[in-house]
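Trainee: below: sequence and its predicted model.
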Amino acid sequence: MFVKQDEKETNAVPGRECGALKLSEAIRMGAKLRPACTGVWFQNGRSCALGAAFESYYGRVADMPKGFPSDQDNALLGKAFPVLRVQRRDTLYGSIFKKNDGGESREAIADWLESKGL
């Protein structure tokens, strides 16, 4: 996607340069990149809702070892979407993971987040 900036075209994602990309939008964008999975961020060419958000913001990634993000990956996701910075299971992060692993589609999770203004 190209965005005009001072009459120059760049490969920037709209809103990314100012941190305006919503979590729901990122999940929707990432869900278009590969099929869904449960239990891990990335596995066998698939992604969960959190993996979709990560990938839409930072670009296509290879499957992660054992499918789980590193502390650095979690920190990067929290930097992109500050609402996810707290990692306890009763947080939004945990709720998204639960919904994903409970069988809700990434699109349904994005709808839920959008209804909350996220």
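Mentor: Perfect, I can see it now. Residues are numbered from 1 along each chain as shown.

Trainee: which ones are touching the closest residue in space to residue 70 that isn't next to it in sequence?
Mentor: In space, and not counting its chain neighbours, residue 70 is closest to residue 64: 7.5 Å by C-beta to C-beta, 6 or more residues apart in numbering. The C-beta positions use only the backbone N, C-alpha and C, and glycine is treated the same way. Neighbouring residues of residue 64 by C-beta atoms under 8 Å, 6 or more residues apart in numbering: 40, 41, 42, 43, 70, 73.

Trainee: now with 10 Å, please.
Mentor: 40, 41, 42, 43, 47, 51, 54, 70, 73 (C-beta atoms under 10 Å, 6 or more residues apart in numbering).

Trainee: please indicate which of the residues you listed are buried?
Mentor: Buried residues within those, counting neighbours by 16 or more other C-beta atoms under 10 Å: 40, 41, 42, 43, 47, 51, 54, 73.

Trainee: sorry, back to before: could the contacts of residue 64 be laid out in CSV, adding distance to residue 103, secondary structure and pLDDT?
Mentor: Formatted as CSV, these follow (distance: C-beta to C-beta, whole Å; DSSP: H, G, I helix; E, B strand; the rest coil; pLDDT from 0 to 100):
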residue, distance to residue 103, secondary structure, pLDDT
40, 15, coil, 90
41, 17, coil, 91
42, 18, strand, 90
43, 16, strand, 88
47, 15, strand, 94
51, 16, helix, 94
54, 21, helix, 93
70, 27, coil, 81
73, 24, helix, 86
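
Trainee: so where's the protein shaky on pLDDT?
Mentor: 1-19, 63, 65-67, 86-90 (pLDDT under 70).

Trainee: can you map out the helices along this structure?
Mentor: Taking DSSP state H as the criterion, the chain carries its helices at 23-31, 49-58, 71-80, 92-101, 106-115.
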